[in-house]
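Enquirer: fold the following, please.
(chains A and B)
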Amino acid sequence: MAAPDAAVLEDRPARVPFWRGPTFRRLIHHRSFVIGAILVSIVLVTALIAPWLDLPDPNRLAIRFRFRPPSGEFLLGTDNLGRSMLSRVIWGGQLSLAIGLGVVLLNAVFGVTLGAAAGYFGKLDGPLMRFADALMAFPSVLLAIGIAAALGPSAMTAVIALAVVYIPRTARIVRASVLVVRELEFVQAARASGADDWRILRQHIMPNCMAPLIVQLSFVFAYAVLSEAVLSFLGLGAPPTTPSWGILIAEGRSYIREAAWLTIVPGVAIAITVFGLNLLGDGLRDVLDPRLRVEQG
Amino acid sequence: MGRYATKRLLQAIPILALVSLISFGIMKLVPGDPATVMAGPGANPADVENLRRTLGLDKPFLSQLVIFYVNLVQGDLGRSLMLGTPVTDAVIERTPATLAIAAYAMGLTVFFGLLAGVVAALRQNTWVDQIVSSIALIGVSLPNFWLGLVMIVLFSVQLGWLPTGGYVEFRTDPVGWLRTATMPALSLALLQIGLLARITRSTMLEVLRQDYIRTARAKGISEFRVIMRHAMANVMIPVVTVIGIILSVLISGSVVVETIFAIPGIGSLLGNAILRRDYPLIQGGLLFVATSLMVLNILIDLLYAYFDPRVRIDGSA
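Expert: Prediction:
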């Protein structure tokens, strides 16, 4: 969470640790936040501890076990080469989630920088926002597809393409909060007491713009996981040697008649992750920023 | 109204210029030599050189940009490498199928999204609301192409009700069209239904708290009429605004969904263009779609301003 400065506007004294403050208490009593947090934690932790889970090697071929439907022996069945789908989905999750987190990270860095610059420095606002409008005029996934197609398929490409698509949206949200906070009295006071722009932005404005940003980033994570699947499905993500969930769906599609679980299982993994993130985001929004109720695509 | 329309159109010009610049820039992202990448592995150097010359890639950057804009103004988006035809013709030829499915999906979205949202709002905090809200949230969490594949498993492979893919034009065979268009439209729409239901629900809850609704009820009008005539009029406002967004997401989704169901639309055209590294087609197709959506959004805004005078007076649309 934010630095202790974030407490300035809250109804609690500064320096109370976050987990003992009122925001945290409201969060852990918010049902969809808790369910979402649990789902997301399960998915993230499973992906993280995959190497220690004693799973069969996701790439070990065992032709005699091919196309085994889900059973006690193979919990989620096996694919056309006899590889365990449970292993493949868990290892695939590592890549899908890493790409999602990469997009979130780039959004946090560039969305905040560009949004704060546009909101604080009036001269930059026009050009930056027109450029953001132009990027947002493209259907989001379509633009990501175009960029990824040009850059050539790789996991890094997927991260960059998706970041370019969502950064304008994040920047817009940061800009909107900066525009409001900029005019508040304590900012005027800081300016009167001689603080420079950098200090005002960093110490006084940004800590008070965190709530909508955190909410937005949780939704960006959700969109990124969904869109990564689309890119991978089209062959624009990571190479098939390191299968992400999207690639697993694409591979399963060839055997949809005889082994439907190959397609269904990775999709369910995506759905659980994105559902969890959406619940989490809804909860965060309700608690941190109740004004922000309009959905965005 | 005329002033609002002029203002709205003028605002669109710089964005349109930037949109075309971004489309132009996408081809510049290709690492290394685009002509070599496009010609594919194993192409002989003469072919690569030829390709470079036909695409004008041997010219300096600025003249490439000027040529791009001069052609663009004349409606020329370049020539597709894999089809050998102008990109404009290829895209226009594929538009009807994409539009037909998008319209079908839009119809499903508006009908079920509004219905679910209104029902959930009227039964707020009951089990009906819980179920509708949960399904809506699950709906926005599913990858749409995966949903399409699951429907193929269910309705084509298991039950044998619908064909796994292909497309029949509505004009030639309406029933055949329904059989081929329903699964793609549904897989595009389900996500949007969830989104629209959530927006409708929260707007309806807000509207129902307004004074004029209480007045309407106090007058003794039937509850049905209060909802349908008085509340819906204001619920529709945010709905109209999100229609532009919904359309944009529908078109985005069509790349994969059309590929899965083998529908000859713009989406599958772009999907093929990606596989074949047909950069002129990717670039032109993106520009075409983005521009059409912008024009459509302007039309929606103007319609909106026409029906809701508040928009054109304070200009806050």
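Enquirer: check contacts around B:Ile135.
Expert: If you count contacts by C-beta atoms under 8 Å, 6 or more residues apart in numbering or on different chains, B:Ile135 has them with B:Ala116, B:Gly194. Quick note: C-beta positions are derived from backbone N, CA and C, even for glycine.
Enquirer: what's the pLDDT at it?
Expert: We have a pLDDT of 83 for B:Ile135.
Enquirer: do the same with the one 10 residues further on
Expert: Model confidence at B:Phe145, expressed as pLDDT, equals 86.
Enquirer: which residue is the nearest non-sequential neighbour of it?
Expert: Nearest-residue entry for B:Phe145: B:Val256, 3.9 Å, with adjacent residues in sequence omitted and distances by C-beta to C-beta, 6 or more residues apart in numbering or on different chains.
Enquirer: for that neighbour, helix, strand, or coil?
Expert: Recorded secondary structure, B:Val256: helix (DSSP: H, G, I helix; E, B strand; the rest coil).
Enquirer: same question for B:Thr182.
Expert: B:Thr182 - assigned by three-state DSSP - is helix.
Enquirer: gap between the nearest residue to it once chain neighbours are set aside and chain A?
Expert: In space, and not counting its chain neighbours, B:Thr182 is closest to B:Leu162: 6.7 Å by C-beta to C-beta, 6+ apart. From B:Leu162 over to chain A the distance is 14 Å, taken as C-beta to the nearest C-beta, to the nearest Å.
Enquirer: I'd guessed B:Leu162 sits against B:Arg179; true?
Expert: Yes: using C-beta atoms under 8 Å, B:Leu162 is in contact with B:Arg179, at 5.6 Å.
Enquirer: what is the neighbour count of A:Thr263?
Expert: For A:Thr263, the count of nearby residues is 22 (other C-beta atoms under 10 Å in any protein chain shown).
Enquirer: and stretch B:54-64, what's buried?
Expert: B:Leu55, B:Gln64 (16 or more other C-beta atoms under 10 Å in any protein chain shown).
Enquirer: how far does it sit from the chain's center?
Expert: Distance, stretch centre to chain centre, for stretch B:54-64: 32 Å (C-alpha atoms, centre = their mean, to the nearest Å).
Enquirer: in the stretch 151-300 of chain B, what residue is nearest chain A?
Expert: B:Ser252 (3.8 Å; C-beta to the nearest C-beta).
Enquirer: ok, the residue nearest to B:Phe145 - contacts?
Expert: Applying C-beta under 8 Å, 6+ apart, the residues near B:Val256 are A:Val230, A:Phe233, A:Leu234, B:Asn144, B:Phe145, B:Gly148, B:Gly267, B:Gly271.
Enquirer: does chain A sit close to stretch B:26-39?
Expert: Yes: on the criterion C-beta under 8 Å from any C-beta of the partner chain, stretch B:26-39 is in touch with chain A at B:Ile26, B:Met27, B:Leu29, B:Val30, B:Pro31, B:Val37.
Enquirer: helix or strand with the lowest mean pLDDT in chain B?
Expert: Lowest mean confidence among the helices and strands of chain B (mean pLDDT, DSSP states H and E): helix B:309-314, at a mean of 66.
Enquirer: coming back round to it: isn't the residue of the stretch 151-300 of chain B closest to chain A up against A:Pro139?
Expert: Yes: between B:Ser252 and A:Pro139 a contact is recorded at 3.8 Å, counting by C-beta under 8 Å.
Enquirer: where does A:Gly93 land on pLDDT?
Expert: Note on A:Gly93: pLDDT of 84.
Enquirer: and it, what is it in contact with?
Expert: Per C-beta under 8 Å, 6+ apart, neighbours of A:Gly93: A:Val43, A:Thr46, A:Ala47, A:Ala50, A:Trp245, A:Ala269, A:Thr273.
Enquirer: now, which of those lie within helices?
Expert: If you go by DSSP state H, those have A:Val43, A:Thr46, A:Ala47, A:Trp245, A:Ala269, A:Thr273 in helices.
Enquirer: what's the neighbour count on the fourth one?
Expert: So that's A:Trp245. So A:Trp245, with other C-beta under 10 Å, has 32 neighbours.
Enquirer: now swap in the fifth one and tell me
Expert: By the other C-beta under 10 Å criterion, the neighbourhood of A:Ala269 contains 24 residues.
Enquirer: leaving out sequence neighbours, find the closest residue to it.
Expert: Using C-beta to C-beta, 6+ apart, the nearest residue to A:Ala269 is A:Val89, at 5.2 Å.
Enquirer: report the buried members of the contacts of A:Gly93.
Expert: Using 16+ other C-beta under 10 Å, the buried ones in the contacts of A:Gly93 are A:Val43, A:Thr46, A:Ala47, A:Ala50, A:Trp245, A:Ala269, A:Thr273.
Enquirer: most widely separated two among the residues you listed?
Expert: Greatest spatial distance in those: A:Ala50 and A:Thr273, 14.7 Å, computed using C-beta to C-beta.
Enquirer: count of neighbours near the nearest residue to B:Met151 once chain neighbours are set aside?
Expert: In space, and not counting its chain neighbours, B:Met151 is closest to B:Met183: 4.9 Å by C-beta to C-beta, 6+ apart. Burial measure for B:Met183: 25 neighbouring residues, criterion other C-beta under 10 Å.
Enquirer: again, but for B:Pro184
Expert: 29.
Enquirer: repeat for B:Ile138
Expert: Neighbours of B:Ile138 (other C-beta under 10 Å): 15.
Enquirer: hmm, it is touching A:Ala271, no?
Expert: Yes: using C-beta under 8 Å, B:Ile138 is in contact with A:Ala271, at 7.2 Å.
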